[in-house]
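S.K.: generate a structure from the sequence data that follows.
(3 chains)
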Amino acid sequence: MESMIVSSVDSLWVVIAGILVMFMQPGFMLVETGFTRSKNSVNIVMKNFMDFSVGAITYWAFGFALAYGGTTLGGFLAYGNFFLEGDSLTYFFQVVFAATAATIVSGAVAERTKFSAYLVFQPFICGLIYPIVTHWVWSGQGWLGDLGFIDFAGSGVVHMVGGFAALAAVTVIGPRIGKFDDKGSPLPLPGSSMVAGALGVFILWFGWYGFNVGSALAVVEVDLASIAVTTTLSAAAASISAMYTSMISGKPDVTMTLNGALAGLVGITAGCANVNNLGAVLIGLVSGVLVVYSINFIEKKGLDDAVGAISVHGVCGAWGILAVAIFDTTDGLIYGGFSLFVPQIIGMLAIAIWAFITSFIVLKTINSLIGLRVTPEEEIAGLDASEHGTAAYGDFILKK
Amino acid sequence: MESMIVSSVDSLWVVIAGILVMFMQPGFMLVETGFTRSKNSVNIVMKNFMDFSVGAITYWAFGFALAYGGTTLGGFLAYGNFFLEGDSLTYFFQVVFAATAATIVSGAVAERTKFSAYLVFQPFICGLIYPIVTHWVWSGQGWLGDLGFIDFAGSGVVHMVGGFAALAAVTVIGPRIGKFDDKGSPLPLPGSSMVAGALGVFILWFGWYGFNVGSALAVVEVDLASIAVTTTLSAAAASISAMYTSMISGKPDVTMTLNGALAGLVGITAGCANVNNLGAVLIGLVSGVLVVYSINFIEKKGLDDAVGAISVHGVCGAWGILAVAIFDTTDGLIYGGFSLFVPQIIGMLAIAIWAFITSFIVLKTINSLIGLRVTPEEEIAGLDASEHGTAAYGDFILKK
Amino acid sequence: MESMIVSSVDSLWVVIAGILVMFMQPGFMLVETGFTRSKNSVNIVMKNFMDFSVGAITYWAFGFALAYGGTTLGGFLAYGNFFLEGDSLTYFFQVVFAATAATIVSGAVAERTKFSAYLVFQPFICGLIYPIVTHWVWSGQGWLGDLGFIDFAGSGVVHMVGGFAALAAVTVIGPRIGKFDDKGSPLPLPGSSMVAGALGVFILWFGWYGFNVGSALAVVEVDLASIAVTTTLSAAAASISAMYTSMISGKPDVTMTLNGALAGLVGITAGCANVNNLGAVLIGLVSGVLVVYSINFIEKKGLDDAVGAISVHGVCGAWGILAVAIFDTTDGLIYGGFSLFVPQIIGMLAIAIWAFITSFIVLKTINSLIGLRVTPEEEIAGLDASEHGTAAYGDFILKK
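M.R.: As a prediction, this is how the structure comes out:
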């Protein structure tokens, strides 16, 4: 009876945590619509609903099978239990993670991508690219887990996958019309609502407690609160450091501050159960600085990431994986985890390369078959009108 | 001690689930304001606050007494424990359901209903019409429960009650000025914010896990995750099928997709603990198709449901009740529950007729006593100005 | 093993409740941006992010040490455990409360306060003024706790601290340009979005269940649901009574109704575990009336509280502390707690005076060193442009 109570309580928490992670979906939606122009908001809404909807069906049909299907093919992928029945707890907690990985790409390629092409790409990331990485790390059968690679809640498995898929996507799709001037210098494109963007970030922060604390997958004899605290401290430190970094070149910037909070959350995700509070603060401080420089660097390279997703999820995800090796305290030393550098670097590179190359191949193929981009006329008119025949804010008067 | 732990953990989950269901209130508010015009947004906000506030007081004063008051009057209604003290757990989980049933009507009759009249109607649904149906089904003393009627989380008890009350309401109140042209063909009225509407649907989806998984009313030895999974799969399948159905007559439509997700949630609510994953996907696929045809059908009949509430909650609620009979797997067969058809059809008809007729009588009476509609001048000016002396978006410039 | 399960379940609930309270941050942000003008929304967003971020770091560095650091200095403040490691559960639940106290001030002084000055003030309230009050009441070592002062979830400790700090702040900073005419009569300044404001209030109501029910700090053998019910009933009663009170001088007013709901939540916070349902309804009814008269009274005194924070949190917080003495039923009598009047009145006065005077001194000092207010030109242009170089709604056309 006691063990039944323990397992029921553990399961209860994983279900609640999964519900919190599911709520990150509107968080992403609000960040993406808030940071981009009103004429493309409906399109973003539609992509976000399809991220979770197509993602849930895809992950049920075959994504779960490739990650946790039972038999492993050499630690690379699993096989079995397609069109899942049973194993509901693992499915539920994993499917919301899969949808997170997918939705990261949506923001980066906003305002110029054909909706039909996006729908073709979506199942690949939820059903194939992401599940295989989870098999490597979290299945108990994978090659990276065997190496001793540590990624407690997914700085690499979820965020780097999304971030490097986004990098492939903006490389293939190209920048928005008007993002760069004739000399290639980036121009600001006004976001439709900083309040919506900020609400989105707060919702993500809220859901992230499900993400990180839920990844303990247990309650009894686990110090859940300590994970909540490292998560909080890193996000807080990063939003402060990002704000002050933005002030080097001007006034305290709201998009950098908001992306800073997300950067701190991504950065602590791998190590949230392995570092102490001071480590968490330091991880956050670095994340906040890193995200500002990374966003500016990527823009200067002529890449157009509409919401900063590559920097937040890809770059800070990689930093989070490395940070485990620097700040891990689980062996009893303060900063004694240097033996972790080898598996962490291998894992970081493997995930980045896998997510980038597979996404690049899939997107290039889609591009040559049906085209990834709307026409320039459609892009200028806005995707809401051209792709969905409607407007997001029907009775407001908008600029241009 | 062990049984004390078990009951405490069970209660904890019901409290948390109730909190999640309470959060559906802003979800409804956002869907309703997002899908309607800015000039009526304050009025919708006020109705939503009164739905929960008047609902909570009404349900405390007498609604609970009629549903769970102790003594049953022939399985039709209970009696006792007015102005409730004690029984807090049942009250809390039920009051958020009662408010849900009430708020469904609010959206359907938006943009033309007198606020004072709405306030008179509201207590009837929260305090009388809804509680009596719960007595029939969930009290352990009711005639429908005795028949073997299955409605795990309320496709019928909550959503059909709200949906058929909404049908009565739009029948009595009539369409908005400008909704139909001279020949009776429906015209589109632009919604003020698809982003708000989408956030509302995501919030409802999030809260629905409290609704469905919470209805287990227990944790230990219950497979909560499986209910979360059927809920997720049905909503996902429905938003996809609604989107593709909308494409038959045009571009992928955002309001249909959003209503599709809600339709899938309503559809699975009765059977979420009784069907398997494949059944959930099929229930969702049907819900998504059904809601699109139902919305168009109701509009063609000259009825003006401002947000699609009748189709989402009434029609898909009825489908959810029927679907239990088709897809129930609790007897060990795959689709073996055909013996359930008789109680399910009786329950479905009884709830639909009860909710429609009682609402119709109450609304007709209110209409003859104080009038349900604002004047045409007030309606054209918008209810925010005429009923509340304010504007929802004070410093934005709006059309017209 | 059993006691391990009990303590793990208790901790689980405190973590979940802390997550809910953290979510109150975007609730405050939405209320504040919704009730004020669009040209200052980014500034409010930035203040809210810094409230939680600077608050979390400050409370980690020294706030916790002064509240719960171990050794008490005469029941006035604690000392020890600076730059906290360990004690994660207490930190996490307390830090979200500290951020709540801080963010209350942000709304009152909106639309004219210098961002840099706000950043200087913020650590004082999160790291000093609030922690010392918690030491008085909740540490088990403080002088107010020893007196028998009852404040279950913080009507005084959190809300009065925030509300009276806000009173000091608006006194020092002065009214916004355009708030009063030449004769000193208050003028309405239109809020940017009542829908955002209403969403904020619903989010606060949702998070408040974490605040009040979480303050039980335990699950097993605790009637959590009864706290959820008193909380619900008071908020519901207050939003109704505030609405009807607003109708004395006009139409049913949305900002008064929304502030009414908050007033009822603040009012019940001290006594939510000590009063019965009828008591909760009565506390709420009074709160809703009180907040309307208080807002009008404060405005007539020439004080400019942009969102009504002094009335909601300060005045209704004081009422909540008194209400415990009137409605406490824990000694088995219906309204038998009259012996509580002495400690409740002492505590109420002590907290009000402490929060007002310390805030006043700190703000006066900041004012003389760097200035608290932007220039009139910056204020008229809006703080988003002048302080952050951006606009909240980049592609919407706004008035003026």
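S.K.: use CA for all of it now, contacts and neighbours both
M.R.: Will do.
S.K.: so what's A:Leu372 up against?
M.R.: Contact analysis of A:Leu372 by CA atoms under 8 Å, 6 or more residues apart in numbering or on different chains lists A:Thr113, A:Lys114, A:Ala117, A:Tyr118, A:Ile173, A:Leu363, A:Ile366.
S.K.: which element is the last one on?
M.R.: When you say that, I think you mean A:Ile366. helix A:341-369 (DSSP states H and E).
S.K.: and the following helix or strand past that helix, which residues are buried?
M.R.: Next along the chain after helix A:341-369, taking DSSP H and E as the criterion, comes helix A:376-381. Applying a neighbour-count criterion of 16 or more other CA atoms under 10 Å in any protein chain shown, one finds A:Glu378, A:Glu379, A:Ile380 buried in helix A:376-381.
S.K.: find the nearest non-adjacent residue to the residue in the stretch 201-350 of chain A positioned nearest to chain C, please.
M.R.: Nearest residue of the stretch 201-350 of chain A to chain C: A:Ala236, at 4.0 Å (CA to the nearest CA). Excluding its sequence neighbours, the residue lying closest to A:Ala236 (CA to CA, 6 or more residues apart in numbering or on different chains) is C:Ser53, at 4.0 Å.
S.K.: can you pull the pLDDT of the one you found?
M.R.: At C:Ser53 the predicted local distance difference test score is 97.
S.K.: if we can go back for a sec, wasn't the residue of the stretch 201-350 of chain A closest to chain C part of a helix?
M.R.: Yes - according to DSSP: H, G, I helix; E, B strand; the rest coil, A:Ala236 belongs to a helix.
S.K.: distance from the chain centre to the helix or strand hosting A:Gly317, please.
M.R.: In the assignment (DSSP H and E), A:Gly317 maps to helix A:316-327. Offset of helix A:316-327 from its chain centre (CA atoms, centre = their mean, to the nearest Å): 16 Å.
S.K.: so for that helix, mean pLDDT?
M.R.: 96.
S.K.: and if you look at stretch A:168-175?
M.R.: Mean predicted confidence for stretch A:168-175 is 97.
S.K.: output that stretch as CSV, nothing but the C-alphas.
M.R.: Provided in CSV are the C-alpha atoms of stretch A:168-175 (Å, rounded to 0.1, in the frame of the first residue of the first chain):
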residue,chain,number,x,y,z
ALA,A,168,18.6,25.6,-40.3
ALA,A,169,15.2,27.1,-41.0
VAL,A,170,16.2,30.7,-41.2
THR,A,171,19.2,29.7,-43.3
VAL,A,172,17.1,28.0,-45.8
ILE,A,173,14.1,30.4,-45.8
GLY,A,174,16.0,33.7,-45.8
PRO,A,175,15.2,37.0,-44.2
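S.K.: what does that stretch contact?
M.R.: Against stretch A:168-175 from outside (CA under 8 Å, 6+ apart): A:105, A:108-109, A:113, A:302-305, A:356-357, A:359-360, A:363-364, A:372-373.
S.K.: low-confidence regions, chain A specifically.
M.R.: A:330-338 (pLDDT under 70).
S.K.: quick one, strands of it?
M.R.: Using DSSP state E, the strands of chain A run over residues A:71-73, A:77-79.
S.K.: buried deepest among those, which one?
M.R.: strand A:77-79 (a mean of 22; mean count of other CA atoms under 10 Å in any protein chain shown).
S.K.: just checking: what are the partner strands of that strand?
M.R.: Partners of strand A:77-79 in the sheet, by DSSP bridges, are strand A:71-73 (antiparallel).
S.K.: what sits up against the partner strand?
M.R.: Under the criterion CA under 8 Å, 6+ apart, residues A:Ala78, A:Tyr79, A:Gly80, A:Gln141, A:Gly142 lie in contact with strand A:71-73.
S.K.: wait, what's in contact with the residue nearest to the third one when sequence neighbours are not counted?
M.R.: With CA to CA, 6+ apart as the measure, A:Gly69 is the residue that lies nearest to A:Gly80, at 4.3 Å, once sequence neighbours are left out. Contacts were defined as CA under 8 Å, 6+ apart; by that measure A:Gly69 touches A:Ala78, A:Tyr79, A:Gly80, A:Asn81, A:Phe82.
S.K.: could you report the neighbour count for A:Lys251?
M.R.: Residues lying near A:Lys251 (other CA atoms under 10 Å in any protein chain shown) number 17.
S.K.: typed the wrong thing, it's A:Ile248
M.R.: For A:Ile248, the tally of surrounding residues (other CA under 10 Å) stands at 9.
S.K.: how much space between A:Leu398 and B:Thr36?
M.R.: According to CA to CA, to the nearest Å, A:Leu398 stands 18 Å off from B:Thr36.
S.K.: who's more crowded, the two?
M.R.: Between A:Leu398 and B:Thr36, counting by other CA under 10 Å, B:Thr36 is the more crowded of the two (26 against 20).
S.K.: next, the contact list for that one, please.
M.R.: With CA under 8 Å, 6+ apart, B:Thr36 has these contacts: B:Ala110, B:Glu111, B:Leu189, B:Pro190, B:Gly191, B:Ser192, B:Ala306, B:Val307.
S.K.: tell me which residue lies nearest the centroid of chain A.
M.R.: What sits nearest the mean C-alpha location of chain A, by CA atoms, centre = their mean, is A:His159, with 3.8 Å.
S.K.: correct me, but that one touches A:Ile310?
M.R.: No - using CA atoms under 8 Å as the test, A:His159 is too far from A:Ile310 to be in contact (9.2 Å).
S.K.: near chain B, which residues of the stretch 1-150 of chain A?
M.R.: A:2, A:4-5, A:8-9, A:11-12, A:15, A:19-20, A:22-23, A:25-26, A:30, A:33, A:41-42, A:45-46, A:49-50, A:52-54, A:56-57, A:83-86, A:88-89, A:91-92 (CA under 8 Å from any CA of the partner chain).
S.K.: okay, now A:Leu187: neighbour count?
M.R.: 11.
S.K.: repeat for the one 10 residues further on
M.R.: Neighbour count of A:Gly197, defined by other CA under 10 Å: 28.
S.K.: how near is it to C:Val42?
M.R.: For A:Gly197 relative to C:Val42 (CA to CA), the value is 10 Å.
S.K.: kindly report the same for A:Thr375.
M.R.: Between A:Thr375 and C:Val42 the distance, using CA to CA, works out to 34 Å.
S.K.: and these two? Which one has more around it.
M.R.: Remark: of A:Thr375 and C:Val42, C:Val42 carries more neighbours, 29 against 14, as counted by other CA under 10 Å.
S.K.: pull the CA atoms of the helix holding A:Gly317 into PDB?
M.R.: What follows is helix A:316-327, C-alpha atoms only, in PDB (Å, rounded to 0.1, in the frame of the first residue of the first chain):
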ATOM      1  CA  CYS A 316      21.800  29.300 -24.300                       C
ATOM      2  CA  GLY A 317      20.900  25.700 -24.500                       C
ATOM      3  CA  ALA A 318      24.500  24.900 -25.400                       C
ATOM      4  CA  TRP A 319      25.700  27.100 -22.600                       C
ATOM      5  CA  GLY A 320      23.400  25.200 -20.200                       C
ATOM      6  CA  ILE A 321      24.900  21.800 -21.200                       C
ATOM      7  CA  LEU A 322      28.400  23.200 -20.700                       C
ATOM      8  CA  ALA A 323      27.400  24.800 -17.400                       C
ATOM      9  CA  VAL A 324      26.600  21.400 -15.900                       C
ATOM     10  CA  ALA A 325      30.200  20.500 -16.300                       C
ATOM     11  CA  ILE A 326      31.400  23.700 -14.600                       C
ATOM     12  CA  PHE A 327      28.900  24.000 -11.800                       C
END
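S.K.: cool, thanks, talk later.
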